[in-house]
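**Q** Dropping a prediction and its sequence here:
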Amino acid sequence: MPELPEVEVTRLSFADRIAGAQVLGVSLGKPLRWPLGCPPDSLVGRQVQSVRRRGKYLLIDLEPQGLLLMHLGMSGSVVFDRYLPPAGKHDHFELQTSLGNLRLNDPRRFGAVVYAEHQADAVALKLLSRLGVEPLGEDFVLADFQRELKARHTAIKQVLLAGEVVVGVGNIYASEALFMAGIRPTLRAHLISRARAAKLHAAIRQVLAEAVHQGGSTLRDFSNALGESGHFQLSAQVYDRAGLPCRLCETPIKRMVQQQRSTYYCPQCQTF
DNA sequence: CACGGATCCTGATGGC
DNA sequence: TGCCATCAGGATCCGT
C-alpha cells in the first residue's frame, strides 16, 4: 500500500487522536525487518507527543524522550482504535495506549518499527540521514532538483525510486509522474533538459498532492488507520495498464522491468 | 564511488 | 482441486 500519499493519509487519520496518550503496553508478533531495539516494556508510561512523517517513515515522538520509526514496507498497514479484534497472524506490533491501540499489520514483514532515544541517534540517522527532500515541502526546489538530475547517470525511474533526491515516490507514482511529464522511464537523468525536469518536478508534486487529497491510493484497497477508504476518483494513467490504450493517444501502454520492478509507459507520449 | 542484482517474506493469481 | 510459476505499492546490502 504505502507510498508517500498512503503513509501521509494514515498519519493524518490518527495523529490527533493518539496525541497525549499514555503508553500502557507494547505487543510484538513475528520479527519485522529490524528489531525494535529496546525492551518493549521500557516504553510503558511514556506519552505520545506527536506523529510526524519523513519520506515513508512515520515518526512517533514520545515524552519525555524517544521516538518510534515505523515503516510499512510493501504490505504494511496501520489501524488505530480503542477496541481491536484479537491480534492475527500478520499483526506484528501494537502500542496500547490510554486513547487507543495502534497496530501494524504486515504480511510480508518488510516493514519495521525501530526505537531511537533521539532523532540524532545512530539508529535514526542510519535510516533517515540519506533521505532526499520532501516533495510536498518548501525544500523541493526546482533548481536543486535540476542539479541533482544532472549529477545522476542512471535511469530517471531509478533515481525517483532511490529516494536520495526526493522521497516518497514509489513504483506507482514514479510511472504516473513520468507519464505526466512525458518522459521515458529509461531516460538517463543527466540527459533530461531543464525544461523537462521542470515538468517532472511539477508532476511529482501534483500526483502526490492529489493522491493525498483523495485520501490515499488511487488503486486497490487502501484504507487509513480508522478503516476509511480513499475516494478512488483518480485512476492510473499508465500503472498496471499494459496493453490498454493510452488515455491521451490510444497507443497501447507498455510494461517493462527496471531493477526488478514493473514500469509502465506510453511509447507515444513519453519520449527520450 | 556508482551501479546492477539478489534478497528478505507471504499471499494472490493464473496456467496446466 | 492441486501444484507450480510469477508477481506484488520497499529498501538494504553486496559484488563488480
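**A** Received the coordinates, thanks. Nothing here was measured: the structure is a model prediction, and the numbers come from that model. Numbering: from 1, shown residues only, chains lettered A, B, ... in the order given.

**Q** Tell me where the longest helix sits in chain A.
**A** Identified as the longest helix of chain A according to DSSP state H is helix A:194-213.

**Q** That one and DNA strand C, any residue contact?
**A** No: no part of helix A:194-213 sits near DNA strand C under the criterion CB under 7 Å from any atom of the strand; the closest distance found is 8.9 Å. The C-beta positions use only the backbone N, C-alpha and C, and glycine is treated the same way.

**Q** name the helices or strands packed onto that helix?
**A** Packed against helix A:194-213 by the contact rule (3 or more CB pairs under 8 Å, 6 or more residues apart in numbering; DSSP states H and E) you find helix A:4-18, helix A:142-150, helix A:171-181.

**Q** most neighbours per residue, which of those?
**A** helix A:171-181 (a mean of 25; mean count of other CB atoms under 10 Å).

**Q** How far away from the center of its chain is that one?
**A** Remark: helix A:171-181 is offset 15 Å from the chain centroid, using CA atoms, centre = their mean, to the nearest Å.

**Q** tell me the contacts of A:Gly29?
**A** A:Gly29 is in contact with A:Ala87, A:Lys89, A:His90, A:Asp91, A:His92, A:Phe93, counting by CB atoms under 8 Å, 6 or more residues apart in numbering.

**Q** Torsion angles phi and psi at whichever residue of the stretch 151-272 of chain A sits closest to DNA strand C?
**A** For the stretch 151-272 of chain A and DNA strand C, the shortest gap (CB to the nearest atom of the strand) falls at A:Gly170, measuring 2.2 Å. Taking degrees, to the nearest 10, you get phi -100, psi -160 for the backbone angles of A:Gly170.

**Q** Run a quick neighbour tally on it.
**A** Close neighbours of A:Gly170, defined as other CB atoms under 10 Å, add up to 22.

**Q** Would you mind measuring from it to A:Gln47?
**A** Distance of A:Gly170 to A:Gln47, computed by CB to CB, to the nearest Å: 32 Å.

**Q** Ignoring the adjacent residues along the chain, who's closest to A:Leu62?
**A** What sits nearest to A:Leu62 in space, not counting adjacent residues and going by CB to CB, 6 or more residues apart in numbering, is A:Arg46, at 4.4 Å.

**Q** Can you report how many residues neighbour A:Asp91?
**A** Considering only other CB under 10 Å, A:Asp91 is surrounded by 19 other residues.

**Q** no, scratch that, I was asking about A:Gln259
**A** For A:Gln259, the count of nearby residues is 12 (other CB under 10 Å).

**Q** pLDDT score for the residue nearest to it when sequence neighbours are not counted?
**A** Excluding its sequence neighbours, the residue lying closest to A:Gln259 (CB to CB, 6+ apart) is A:Gln158, at 5.6 Å. As predicted, A:Gln158 sits at a pLDDT of 97.
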